[in-house]
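S.K.: Just a sequence and a predicted model for now, questions to come.
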Amino acid sequence: MANVPPVPALAHFIKPTVDTLFHIDYTWWEKQGLDLNVQLMAHLPAELREVYAGQRVKEKIDLVDWDTGEVKQVEGLQYLIATRCNEDPDYVLNAPTLLETIFRVFLSNGNRPLSARQLAARVGQPAERILGVLSGRRVSKGLRPHRAG
Amino acid sequence: MSTNNDVNNDQYWEQFSILPTDLEHLANFFLETERPQTLAHLTQEVIRYRHQQMLKVAQEALSQGRIYRPGEVYEVGERVLFPHLNNLAGEVTRVRTGHNPEHEPFSVIQVQMDGGETREFAVELTQEHYLNTASYVPAEDVSVEELAARHGKRIQKALRVALETHGQFLAVAHQWFLRDLVMEISPVQLNIAEAVLYMKEGGPVRTEDILKEMELPQEISRPLQLFSLESALFRDNRFDEVGPAGYALWYLREQEPQEVRETPALLQYMPIPYNRSQLDAQMLDFERRIDDEWSDVAYDDVAEEPVTIVLIYPHWRSGTLPLAGRVSELFPTARITDRIRFTFEDGRTGETFPGWVVRSRRYVYGLGAWYEANDVGVGSYIDLRQGEDPGTIVVDLRHVRAQRREWLRTVTPTEERLLFEVTRVPVSCQFDELAAVAVNQPEAVDDLAAQLRRASLETLLEQAFSGLAGLSLQRAVHARSLYSVLNLLRRVPPAPVLAVLAGSTRYVSLGDNYWAYRGGE
């Protein structure tokens, strides 16, 4: 079998496997004309909604990945979920569907890319099933393969 | 660029694989030392070489830029290294004020990476951060021995595979050397080796003692002389290497006991197909407790000494022991040789006599005379433990104070079957009551077994079952008794016997490994 050349530009055309890294592609939300904050608010736990009440929705915050020092600018809601929900397993597991569960994993881990195999351990579902959800013909919630830069 | 920050952590060594440059280094190492080396020594050499290489490369690489430390101040135009991110590197293109209530005050640097992408990193952080003090150069004070102790086992395994697949290297009796540098041993010199072994009644003789009788060029180092001689002896079919792991011992093949060269007839096992899924947990546990060399059982736990064997008929007749599970850990098993010569020591008298491990056929030979001298019978307990001298195994019985007569199930062969009865038999040592069988006329039993060689296992089992059931008031038969008696007629491990019992409508389990005829026939 021929090896697929590691050309980043071709990544979109390569069929994902259980080891392909996925993340939330926030540009997808912009391109779709959807308000990410509406979605984020829906995924905010009730106790944090009170904390968040009255805050400036569009304020950008530098989310620091403490393991690497890398900074990603996120909106206030994203920041709140990433910092307050990342150690609460119930936050992820209480999501109503598998798609929402996966979405919450990325919201709460600061959108660090993960493969279906890695997600399986977090959500307690087979990697193949997770891959099936992530690699459908339509992109859902901006969940897409991560293109390593 | 490639800094090797990984050197410091275990991950680097855990993902270690042998590279062509490692083998090149070993070839040079052999040329310099002119000395064959053990795999363990070569593993250390590879670790030492890699450790030095990593130190050098890491120091060179880290000198080409400033390492990213989240607590420090950076300016536009500075070149920054990120050893913790797989050695990324880039140039600072912007510095801005960071905004995050948890970390303020701090700054964010924008870095144009060598690959073209732009990424941002926190700097001037006032909180403690592990990257502020992380060291990316391997600690020079970590000893090669320390690294070998931690990772040597896995690296040694990989190195063995690499050396074995690379034709440049040659292994003889646990030592390795360069194939091209091995000296030629002439046919005359090999005849001298044969003569040395003849003088010692076939062996075993150490390579050093054979070498003493030869005149090899003085300019060749002694370790290389030994290695070359061993290599030549290995290739000559007259000689057999029978040494326990660690050093070579030579024996003349034609002078080895016949029972070592050829498997004794009663130990020969023709695999019997059976459905393993028919065995329940209790049966599998029973199989595990019977040390049968042909059982398909993995033993992970380390056996406590002494290891006790309950002797079955084929081994009793052949003067052997099974090289099974727990027992096999006890005996010396060289990696390369199939037959290993070692020493038995009588646990009571201290007397020693030769023993042989025959690895591929799974038995240990050399106890025939000892069984006879000690009145050992089928079902006797044989205790085994390591002797004080390496390569010595202490073998012992559980002696009774004075010989006494015990009621034992006894078999006598007739023309077509075995006759079962209970008789009083003189015994000298303790035995397993379920496995013990007194055998009258063993030669006639063997003749009967030969006559029944075409009979199915089911037929033989039925014959043994009915004989044993007749000796019990409850007409119940224990699986251990059945296994022991069946092995008078055919070499068979416990699992196929249990599968016949479990799969037949004739027998019913009474629990605790006892069986009876269904409906109380």
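M.R.: Sure, I can see it.
S.K.: isn't residue B:479 right up against residue B:500?
M.R.: No: with contacts counted by CB atoms under 8 Å, residue B:479 stays clear of residue B:500, the gap being 10.8 Å. Where C-beta positions appear, they are placed from N, C-alpha and C, glycine not excepted.
S.K.: buried stuff in the longest strand along chain B?
M.R.: Among the elements of chain B assigned as strand by DSSP state E, the one spanning the most residues is strand B:399-413. Of the residues in strand B:399-413, those with enough neighbours to count as buried (16 or more other CB atoms under 10 Å in any protein chain shown) are B:408, B:409, B:410, B:411, B:413.
S.K.: Ok, stretch B:260-270 next?
M.R.: Going by neighbour count (16+ other CB under 10 Å), the buried part of stretch B:260-270 is B:260, B:263, B:264, B:266, B:267, B:269.
S.K.: so what's the last one up against?
M.R.: Put plainly, it is residue B:269. Shown here is residue B:269, whose contacts under the criterion CB atoms under 8 Å, 6 or more residues apart in numbering or on different chains are B:294, B:491, B:492, B:493.
S.K.: Straight-line length of stretch B:356-366, end to end?
M.R.: Using CA to CA, to the nearest Å, the gap from the first to the last residue of stretch B:356-366 comes to 6 Å.
S.K.: Show residues contacting it.
M.R.: Outside stretch B:356-366, the residues within contact range by CB under 8 Å, 6+ apart are B:242, B:256-257, B:259-260, B:263, B:267, B:293-294, B:315, B:318-324, B:327-328, B:331-334, B:337-342, B:344, B:353-355.
S.K.: neighbours around residue 45, how many?
M.R.: You didn't say which chain, so I picked chain A. Residues contacting residue A:45 under the criterion other CB atoms under 10 Å in any protein chain shown number 16.
S.K.: meant chain B actually
M.R.: The number of residues packed around residue B:45, counting by other CB under 10 Å, is 20.
S.K.: wait, isn't it in contact with residue B:28?
M.R.: No: the pair residue B:45 and residue B:28 fails to qualify as a contact (CB under 8 Å) at a distance of 10.4 Å.
S.K.: Any regions of the chain where pLDDT drops low?
M.R.: Went with chain A since none was named. By pLDDT under 70, the low-scoring segments of chain A are A:1-14, A:51-58, A:148-149.
S.K.: was after chain B, sorry
M.R.: Within chain B, the ranges that satisfy pLDDT under 70 run B:1-11, B:135, B:137-141, B:173, B:245-246, B:299-303, B:332-336, B:520-521.
S.K.: can I see the domain layout of it?
M.R.: The record's domain split for chain B, according to automatic domain parsing, is B:1-170, B:182-256, B:287-401, B:402-517.
S.K.: will you turn those into JSON lines that also has distance to residue B:280?
M.R.: Converted to JSON lines, the domains of chain B look like this (distance: least, CB to CB, whole Å):
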{"stretch": "domain B:1-170", "distance to residue B:280": "37"}
{"stretch": "domain B:182-256", "distance to residue B:280": "39"}
{"stretch": "domain B:287-401", "distance to residue B:280": "11"}
{"stretch": "domain B:402-517", "distance to residue B:280": "7"}
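S.K.: quick one: what helix or strand has the nearest residue to residue B:127 once chain neighbours are set aside in it?
M.R.: Take residue B:127 and drop its neighbours on the chain: the residue closest to it by CB to CB, 6 or more residues apart in numbering or on different chains is residue B:103, 6.7 Å away. Secondary-structure element containing residue B:103, defined by DSSP states H and E: none, the residue being outside all helices and strands.
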